[in-house]
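**Student:** Sequence first, predicted model second:
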Amino acid sequence: MRFFALLVALAAADEDVILQPLQEDESLPARLLVFIPGALVPNENYRETAQAIQAAATQLRLTVVIPTTFTRKCIIQCPTSGACKPLKKRMDEAVAKANFSGMDPGQDTFVAGHSMGSICANNLVTGYGYHYAGLLAFGGYVNKEGPSSLTNYPIPVLHLSGELDGGGARPGKLSLFYSQFKDHADKHGQEAALALKPVHVLPGVDHSDFCPGFFVTSIKDLESEVSREEALQSIGKGASAFLHLNSPTSNATKSQAMTVMKDMLGFTEEMCEPYLKAFEIEKSGSPCEAAQRVVAGLSEANADRLEVIVTATPYDQFESAHTSYNASTVSLEVTIISSFEEAGGFGPTDVHGASKSMDCKMLDATRIAEQLNVDTQQGIECGELTMHVVSQAQKLLPERSLQRFVAQGRSVRTVADRTVLGNVGPLFESGSLITTETEDSLEVSALMLRTSIDALIFPGNHYCKLLSPSLVLEWMMTDGIKPFPYNLTGPVENAIRVVV
């Protein structure tokens, strides 16, 4: 009750922030930006961000309204697209104070939100039939799929987030939306995609740079590597380019804005493309092929006698798929099964797009020894195979991310494999690897099932659940450079981290 009373008191102390246009030239288009604050963040902490956007939007008469929300949690007033009436009322009350003389929200009003505010902004825009000029998601995102996904969003939408965002809008998560941006660019051209569906990662910026003066601990944010001024300039530059491109500005202004978008795209590609490559690696099953060659335990002289065919299988079909082999006098052809468990979660648990694990059904070294009539190294641990995946994923890292991880990051190391009771296959399929954070590393305990050729059920198999390449990237680019332990016990409005 005391915590709730504190939130109510904080909200009561807030006042709507109204910023009148900086530009006075009445020939310029008049536009309104309504900015929904993030959870627990005083709306006053977005004043500088809004001012930076206004200062960069030189070819608009831009009014900005930052409304207060109940207990500083907009999600209470707009939990779904069908339940946003309280937030819409609150927003309209704040806009009325601005005396903005707009004619049609579908033409002149943009809705923005930061963090949880971006979820509320998306819910509101969706719930009111997308009748707005555009949506700006700062450190947040729209739906991953469906009619409100980036692919299908019927109005312009900008995603803008930081390289060092410690929460759900980290580069790994944003890469899912970047992929949808790329698909739109392939179909409609890069400039159309940059105008209508841009996705950008800002260098050195963290989640809290969007609300300067308030450190967002609820998402365990990272530490910005740029000054407040640099961060605000970067945010203002990207947001204003989007506003200029989607307002009736001059051709020269649109050309300059498009140049900004193209310049920003280079860094976004650097941050997001490694994830797309990791996703493709997981889909191809190549980590399982490499793992099978290690598991085989063949000598260098006999290694070429093993031919590995990978059958990449959707996870819901993984349990029913099985290995097979075909031997000749000189070689052995094995067919193995690969799959990956997609990321899951909703809201606070939906923090990244990385796969939960890379799952491999392979032949055991005992079966390979029998079929090729050679000696093999047997008993290879799945943990050893995990480290091969870690090495492969590390090669995908952008150079600046690699340098940061080497200098600041906590390593990945394996501990003893976990096994399943009685080597029961369904228990393996439903099980998972275990990851544990420590002060200096991420400890990974892979899940293993191994049956020798004299086993009664599915003899001669070696199953492993390994760390996925995309999850390795998440650790090296984001989670592994966070301090540990992370202090969340400070005051509600501004807790701090423990640096170790």
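**Tutor:** Cool, got the structure. Residues are numbered from 1 along each chain as shown.
**Student:** from what I can see Val41 touches Ser115, true?
**Tutor:** Yes - with contact defined as CB atoms under 8 Å, Val41 reaches Ser115; the gap is 7.5 Å. The way it works is simple: take the backbone N, C-alpha and C, and place the C-beta from them, glycine included.
**Student:** Ser234: what's it in contact with?
**Tutor:** Leu202, Pro203, Val205, Val226 (CB atoms under 8 Å, 6 or more residues apart in numbering).
**Student:** so where does it fall, helix or strand?
**Tutor:** helix 228-245 (DSSP states H and E).
**Student:** Surely Val334 touches Ala327?
**Tutor:** No - Val334 lies out of contact with Ala327 (CB under 8 Å); the separation is 9.2 Å.
**Student:** related to what we said a few turns ago, what is in contact with Val41 and Ser115 at once?
**Tutor:** Val216.
**Student:** Which of Val334 and Ala327 has more residues huddled nearby?
**Tutor:** Taking other CB atoms under 10 Å, Val334 and Ala327 do not tie; Val334 has more neighbours (22 against 16).
**Student:** is the more buried one in a bridge, and if so with what?
**Tutor:** For Val334, the beta-bridge partners under DSSP bridges are Val308, Tyr325.
**Student:** Check this structure for its longest helix and report it.
**Tutor:** The longest helix of the chain (DSSP state H) is helix 251-284.
**Student:** and the gap between the closest residue to Pro171 other than its chain neighbours and Ala195?
**Tutor:** Spatial nearest neighbour of Pro171, chain neighbours left out: Met271 (4.3 Å); criterion: CB to CB, 6 or more residues apart in numbering. Using CB to CB, to the nearest Å, Met271 is found at 21 Å from Ala195.
**Student:** These two: which has the busier surroundings?
**Tutor:** Shown here are Met271 and Ala195; by other CB under 10 Å, Met271 has more neighbours (24 against 21).
**Student:** Wait, that one touches Leu164, no?
**Tutor:** No - applying CB under 8 Å as the test, Met271 and Leu164 come out as separate, 10.5 Å apart.
**Student:** What's the local residue count around Glu341?
**Tutor:** Glu341: 18 neighbours (other CB under 10 Å).
**Student:** who's in contact with it?
**Tutor:** Tyr315, Ser355, Lys356, Ser357, Asp359, Ser432, Ser468.
**Student:** tell me, what residue is most central in the chain?
**Tutor:** With distances taken as CA atoms, centre = their mean, Lys173 lies nearest the centre of the chain, 1.1 Å away.
**Student:** All the helices of the stretch 1-150 of the chain, in order from the start?
**Tutor:** 2-13, 47-56, 74-77, 85-98, 105-108, 116-127 (DSSP state H, counting those that start in this stretch).
**Student:** out of those helices, deepest packed?
**Tutor:** The highest mean neighbour count among those, using mean count of other CB atoms under 10 Å, belongs to helix 116-127: a mean of 26.
**Student:** what mean pLDDT would you report for that helix?
**Tutor:** Throughout helix 116-127, pLDDT has a mean value of 97.
**Student:** can you give me the strands in the stretch 251-400 of the chain?
**Tutor:** 306-312, 324-327, 332-341, 357-363 (DSSP state E, counting those that start in this stretch).
**Student:** so which of these gets nearest Thr253?
**Tutor:** Proximity to Thr253 (CB to CB) singles out strand 332-341 among these, at 45.1 Å.
**Student:** And that closest one, what's buried?
**Tutor:** Leu332, Val334, Thr335, Ile336, Ile337, Ser338, Ser339, Phe340, Glu341 (16 or more other CB atoms under 10 Å).
**Student:** tell me the angle of that strand relative to strand 306-312?
**Tutor:** Interaxial angle, strand 332-341 versus strand 306-312 (axes from the mean of the first three to the mean of the last three CA atoms, to 10 degrees): 30 degrees.
**Student:** His200: how many residues sit nearby?
**Tutor:** By other CB under 10 Å, the residues close to His200 number 26.
**Student:** And it, what's its pLDDT?
**Tutor:** Reading off the model, His200 has pLDDT 98.
**Student:** Tell me the gap between stretch 218-231 and the middle of its chain.
**Tutor:** Remark: stretch 218-231 is offset 17 Å from the chain centroid, using CA atoms, centre = their mean, to the nearest Å.
**Student:** For it, what does the pLDDT average out to?
**Tutor:** For stretch 218-231, mean pLDDT is 94.
**Student:** Kindly report the domain assignment for this structure.
**Tutor:** The record's domain split for the chain, according to automatic domain parsing, is 2-271, 285-481.
**Student:** what number of residues lie near Asp165?
**Tutor:** Asp165, neighbours per other CB under 10 Å, totals 29.
**Student:** Distance of it relative to Ala231?
**Tutor:** 12 Å.
**Student:** Touching both of these two, which residues are there?
**Tutor:** Jointly contacting Asp165 and Ala231 under the rule CB under 8 Å, 6+ apart are Val205.
**Student:** if I look at the residue of the chain lying at maximal distance from its centre, how far off is Arg305?
**Tutor:** Distance to the chain centre peaks in the chain at Thr329, reaching 49.5 Å (criterion: CA atoms, centre = their mean). When distance is defined by CB to CB, Thr329 is 10 Å away from Arg305.
**Student:** How about Glu223?
**Tutor:** 52 Å.
**Student:** what's the answer for Glu269, then?
**Tutor:** 42 Å.
**Student:** In which helix or strand does Val472 reside?
**Tutor:** Using DSSP H and E, Val472 sits in helix 469-477.
**Student:** Same question for Ile453.
**Tutor:** Applying DSSP H and E, one finds Ile453 in no helix or strand.
**Student:** What of Ile457?
**Tutor:** Using DSSP H and E, Ile457 sits within no helix or strand.
**Student:** Begin at 98 from now on, thanks
**Tutor:** Taking 98 as the first residue, the last one we looked at is Ile554.
**Student:** sorry, back to before: mind giving me TSV with the helices of the stretch 98-247 of the chain and columns for distance to Ser344?
**Tutor:** TSV is the format used below for the helices of the stretch 98-247 of the chain (distance: least, CB to CB, whole Å):
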stretch	distance to Ser344
helix 99-110	33
helix 144-153	13
helix 171-174	25
helix 182-195	18
helix 202-205	8
helix 213-224	17
